[in-house]
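Q: the sequence and its predicted three-dimensional model are supplied below.
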Amino acid sequence: MSTGSPVWVPKEIDAERPNAARVYDYLLGGACNFRADREFAEKLLENNPEIAGAVRHNRAFLGRAVRFCVDQGIRQFLDLGSGVPTVGNVHEIAQSRAPGCRVVYVDHEPVAVAHSQRLLEHNRDADALLADLLDVDTVLGAEPVRRLIDFARPVAVIMTAVLHFVPDSARPHATVARYVAEMAAGSFLVLSHGVRGEQEQVRRGYRMYDQSGTPAGGRAREEIHAFMTGTEVLEPGVVWTTQWRPEFNPRARVEPAWIYAAVGRKA
C-alpha cells in the first residue's frame, strides 16, 4: 500500500502509527498496510526472524481449524479480532467446502473492517462489523451478527492471535467465557495465543509492541488453556500451531512456533 490512503480507508486512520492488524497483514505478504506498519514489522523481524514463520503457521492453523469445523457440521462462524483480509479468509475456506456457510468478521481496526466490507460487498452470507470484541453485548446485538449468526444452533467462535493484545486488566478470560456461555451445544471455540516466553527476543518483541498503538503480552500455556473453560479441549490439546492436526508429515519434528493453539467443543 502506498503512503497515500486509498479512498476506502477511513479518514480518521492514523497512518503514522503502526497497528497490529496491519503489521500482521504485512508479515503475511499482504498489501493493506502503511509505511509505519512495514517499518515496525521489519524491526520485529530484526529482533526475531522467526516471527514471519510464526504468523504463517498461525494462519495455516486457522485454515485447518475452519475445515475441521465445517467437516463437523458447522455452518456459521464468528471471527473475533479477524484483522485485515488476506489469503485463506474464513469465508473463503468455509464456503468453498460447504456453500452457504455464514461468516461475520469483527475487528476494531477501521482499515481491516473497511477492506473486509469491500471484499464482501457481493457475498450475502458474510459481513464485517467494526466493534471491540470485549464489548460482548454490542457484538452480539449488532445487525450483521443477528442476521447471519443463530446462537441457538452450533457456531464456531474464532479468536486467533488476538487475545495477547488484551491485558489482564480488561478481563479477557471473562470475555471469552461470555461468548462460550452464548454458544449452543456442539459449538466450537477456535483459539490461538502468543506465548509469554523467557527468551530475551520474545520479551523485547512485546516491549516493541508496547511502544506501538497496540500493546501486547504473551501468556503461559496454563493461562491460555484457561480460555477454553466451558469446552472440551480436543486432541491434541493446547499445542504449538504447527502441532495442531498438521496435514502434512504429522510425525515430523516440530519446532516451537511462538503461538499456542487449541480447539474446544461445547458439550
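A: Okay, I see it.
Q: list of residues touching the strand or helix carrying Ala94?
A: Counting by DSSP states H and E, the element that carries Ala94 is helix 90-97. By CB atoms under 8 Å, 6 or more residues apart in numbering, the list of residues contacting helix 90-97 from outside reads 62-63, 66-67, 69-71, 75, 77, 79, 82, 101, 103, 105, 120, 123, 125-126, 158. Every C-beta, even on glycine, is put in place using the N, C-alpha and C of the backbone.
Q: let's see 6 Å
A: 63, 66, 70, 77, 79, 101, 103, 126 (CB atoms under 6 Å, 6 or more residues apart in numbering).
Q: among the residues you listed, which are located in strands?
A: 77, 79, 103, 126 (DSSP state E).
Q: tell me where this structure has helices.
A: For the chain, the helices defined by DSSP state H cover 20-27, 35-47, 51-71, 90-97, 110-119, 136-141, 143-148, 172-182, 200-210, 221-226.
Q: just those: most buried one?
A: helix 20-27 (a mean of 26; mean count of other CB atoms under 10 Å).
Q: could you list the alpha-carbon positions for that helix in CSV?
A: C-alpha atoms of helix 20-27 as CSV (Å, rounded to 0.1, in the frame of the first residue of the first chain):
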residue,chain,number,x,y,z
ALA,A,20,-1.1,-4.8,14.9
ALA,A,21,-3.7,-5.9,12.3
ARG,A,22,-1.8,-4.1,9.5
VAL,A,23,1.6,-5.3,10.8
TYR,A,24,0.2,-8.9,10.7
ASP,A,25,-1.0,-8.3,7.2
TYR,A,26,2.5,-7.2,6.1
LEU,A,27,4.1,-10.2,7.7
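Q: packing partners of that helix?
A: helix 35-47, helix 51-71 (3 or more CB pairs under 6 Å, 6 or more residues apart in numbering; DSSP states H and E).
Q: compare the ones you listed and give me the one nearest Ala15.
A: Nearest to Ala15, of all the helices and strands packed on helix 20-27, is helix 35-47, at 6.5 Å by CB to CB.
Q: show residues contacting the closest one.
A: Applying CB under 6 Å, 6+ apart, the set of residues contacting helix 35-47 from outside is 3, 16-18, 22-23, 26-27, 51, 201, 204-205.
Q: nearest to Glu182, out of the helices and strands packed on helix 20-27?
A: helix 51-71 (16.8 Å).
Q: where does the prediction get shaky in the protein?
A: For the chain, the stretches with pLDDT under 70 are 1-14, 197-199, 202, 205-206, 211-213, 248-256.
Q: residue nearest the middle of it, spatially speaking?
A: Centroid-nearest residue in the chain: Thr160, 3.0 Å away (criterion: CA atoms, centre = their mean).
Q: thinking again about what came up before, got a markdown table for the helices and strands packed on helix 20-27, with distance to Asp150 too?
A: Output for the helices and strands packed on helix 20-27, formatted as a markdown table (distance: least, CB to CB, whole Å):
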| stretch | distance to Asp150 |
| --- | --- |
| helix 35-47 | 36 |
| helix 51-71 | 16 |
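Q: which among the contacts of helix 35-47 gets closest to Glu223?
A: Once CB to CB is applied, the member of those that ends up nearest Glu223 is Gly205, at 18.2 Å.
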